[in-house]
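S.K.: Sequence and computational prediction follow.
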Amino acid sequence: MVANKSVYVSISGDFIHHGIINIIEEASKYGVVTVGCLTDSAITEFKNLPILSFQHRKKVLQNIKGVSKVVPQENWDDSITIKLLKPDFIVHGDDWQEGSQSRIRENCIKVLNSYGGKLIEIPYTTDISAIQLGRDLYSNRASPSQRQQLLRRLINSKKIVRIMEAHSPISALISENMFFEGEYNSRRFDGFWSSSLTDSTEMGKPDIEVLDLSHRTKNISDIFDVTTKPLIIDLDTGGIPEHFVHSVNRLDRLGVSAVIIEDKTGLKRNSLFGNDVVQTQAEMNEFAEKIKIGKAAQVSKDFMIIARIESLILEKGMADACSRGRAYINAGADGIMIHSRQKSPREVLEFAKFHKSKFPDTPLFCVPSSYNEITAEELGSSGFDVVIYANHLMRASYKAMYDTASGILKNDRSLEIEDKLISINEILKLIPSTGR
Ligand code: SPV
Ligand code: MG
């Protein structure tokens, strides 16, 4: 080891395998090794949340032979930390020469060149796959308590958490695996929304709290059978407080991460009707009391009860929405969802500004079904923590099924619509079988 030279190695540290030990061994030949341990938010810029918390990963890394110091690496792009630390060397596996990581490699080389640092690349260890290890470990996340905790961790580590509606296991599987990789970042859905509208529509029923909790939880349990991401349930008004207590208990035990209840009373109608139909907002203190009773009933510490404010939907004004937000938070709500059916996000952005100035630590949720021009990223920059795409997969599948059924009748055969369908070959292989 060269005592007066510094070496930097960036590691997430979720799985320590011999490939990582090889890198550290190699790095220590060049000088004193500092490991940059990627924080949860750095990792989620590009990948799923790690299994272990930052503190646990840091502790493991600190105890590896050859590691002198561990510092947090706050960004996925190593070059930002390198610019600050200016190590004599950085050591990295050569697997970043191609693909999306090559841009980060170029950034690092630029920074190293600016002060005379050097990049050492060592051959990637091929007989271990961190990705496969990750998949195996990820399947363990499907246990109720592990899955449940993920939502809070995601909110704490991501600028915006993206939640997609799932009305069936297959619709959930699409979002479980969907991934977009851009030049500078990547995106994925972080969890699921069990929507009262799409669960009811799936059953050919109106969205008026007509499905019972057994039906809703059976659907969620089927979704949980084949996925690992956290789920938020839309529980309409939550029912009377005495019933809500039992619902909280049941959902909490199932491993649901959060329940959202809306401050309406009487016959619940879908919010997107607004005042086009008769809808009654609950009395503020009564609804706050329901939240309080629900919070007292939960067993796990991670379960969240989110209060949904309908003042803007029912045209009761911003002041009413803001005072309800305060009352519900004081009653113990773990987060606030503000709903709107305007084409413009103006009113929800105004609410977000107020909310974040008064309650910066209480997560804020939104459902941009009507104000659909604003991006999740922009909502995140405006104070929202969670964005819910509340009905999109149901709307997509209904249209596709409708067009297919009418196309077959029109042409009296399926030839004409075949190119709009997944092929027989693909559907046979879509769900791999572990049997013979
Ligand atoms: C749902 O998805 O059922 C919701 C959101 O409650 S909304 O339909 O916009 O009211
Ligand atoms: Mg609903």
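M.R.: Received it, and whenever you're ready, just let me know what you need. Residues are numbered from 1 along each chain as shown. Ligands and ions are numbered 1, 2, ... in the order given.
S.K.: For the stretch 201-350 of the chain, which segments count as strands?
M.R.: Per DSSP state E, counting those that start in this stretch, the stretch 201-350 of the chain carries strands over the ranges 231-234, 258-262, 264-265, 280-281, 304-309, 335-338.
S.K.: right, so of those strands, which gets closest to ligand 1?
M.R.: strand 231-234 (4.7 Å; CB to the nearest ligand atom). Where C-beta positions appear, they are placed from N, C-alpha and C, glycine not excepted.
S.K.: Quick one: distance of that closest one to the chain centre.
M.R.: In terms of CA atoms, centre = their mean, to the nearest Å, the centre of strand 231-234 is found 12 Å from the chain centre.
S.K.: Not counting its own residues, what contacts that strand?
M.R.: 147, 151, 163, 166, 191-197, 216, 220, 223-224, 251, 256-260, 306, 386, 388, 390 (CB atoms under 8 Å, 6 or more residues apart in numbering).
S.K.: Who are the contact partners of the spatially most central residue of the chain?
M.R.: What sits nearest the mean C-alpha location of the chain, by CA atoms, centre = their mean, is residue 190, with 2.2 Å. The contact partners of residue 190, taken as CB under 8 Å, 6+ apart, are 150, 154, 158, 161-163, 229-230.
S.K.: Please apply the same query to residue 346.
M.R.: Contacts here follow CB under 8 Å, 6+ apart; on that basis residue 346 touches nothing.
S.K.: Assign a three-state SS to residue 197, would you?
M.R.: Secondary structure, DSSP: H, G, I helix; E, B strand; the rest coil: residue 197 is helix.
S.K.: For the stretch 1-150 of the chain, which residues score under the pLDDT cut-off?
M.R.: 1, 126-132, 134-141 (pLDDT under 70).
S.K.: can you redo the strands of the stretch 201-350 of the chain as TSV with distance to ligand 2 and mean neighbour count?
M.R.: Output for the strands of the stretch 201-350 of the chain, formatted as TSV (distance: least, CB to the ion, whole Å; neighbours: other CB atoms under 10 Å):
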stretch	distance to ligand 2	mean neighbour count
strand 231-234	4	25
strand 258-262	7	26
strand 264-265	10	18
strand 280-281	15	16
strand 304-309	9	26
strand 335-338	11	26
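S.K.: Ignoring the adjacent residues along the chain, who's closest to residue 286?
M.R.: With CB to CB, 6 or more residues apart in numbering as the criterion, residue 286 has its nearest non-adjacent residue at 8.0 Å, and that residue is residue 265.
S.K.: which residue sits closest to residue 88, ignoring its sequence neighbours?
M.R.: residue 5 (4.4 Å).
S.K.: Surely the one you found and residue 29 touch.
M.R.: No - counting by CB atoms under 8 Å, residue 5 stays clear of residue 29, with 10.1 Å between them.
S.K.: Report the distance from stretch 143-157 to the chain centre.
M.R.: On the basis of CA atoms, centre = their mean, stretch 143-157 is displaced by 9 Å from the centre of the chain it belongs to.
S.K.: Return that stretch as CSV; C-alpha atoms alone will do.
M.R.: What follows is stretch 143-157 as a C-alpha-only set of coordinates in CSV (Å, rounded to 0.1, in the frame of the first residue of the first chain):
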residue,chain,number,x,y,z
SER,A,143,-43.1,-10.8,3.3
PRO,A,144,-45.9,-8.5,4.7
SER,A,145,-43.7,-6.5,7.1
GLN,A,146,-40.9,-6.0,4.7
ARG,A,147,-43.2,-4.9,1.9
GLN,A,148,-45.1,-2.6,4.2
GLN,A,149,-41.9,-0.7,5.4
LEU,A,150,-40.9,0.1,1.8
LEU,A,151,-43.3,3.0,1.3
ARG,A,152,-41.9,5.1,4.2
ARG,A,153,-38.3,4.4,3.0
LEU,A,154,-39.1,5.3,-0.5
ILE,A,155,-40.7,8.6,0.6
ASN,A,156,-37.7,9.4,2.7
SER,A,157,-35.2,8.6,-0.1
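S.K.: List the buried residues of that stretch.
M.R.: Buried residues in stretch 143-157, counted by 16 or more other CB atoms under 10 Å: 146-155, 157.
S.K.: What's the local residue count around residue 297?
M.R.: Using other CB atoms under 10 Å, residue 297 is surrounded by 17 other residues.
S.K.: Oops, could you answer that again for residue 278 instead?
M.R.: Neighbour count of residue 278, defined by other CB under 10 Å: 9.
S.K.: hang on, the earlier thing: so what does the residue nearest to the centre of the chain have for phi and psi?
M.R.: Taking degrees, to the nearest 10, you get phi -90, psi -10 for the backbone angles of residue 190.
S.K.: Please name the residues that touch residue 158.
M.R.: With CB under 8 Å, 6+ apart, residue 158 has these contacts: 41, 44, 190, 380.
S.K.: and which of these is nearest ligand 2?
M.R.: Nearest to ligand 2 among the contacts of residue 158 is residue 190, at 19.9 Å by CB to the ion.
S.K.: Next, work out how far apart the closest one and residue 348 are.
M.R.: 20 Å (CB to CB, to the nearest Å).
S.K.: Show me where the stretch 51-200 of the chain has its helices.
M.R.: Along the stretch 51-200 of the chain, the segments classed as helices by DSSP state H, counting those that start in this stretch run 54-62, 78-85, 102-115, 130-140, 144-157, 169-177, 196-202.
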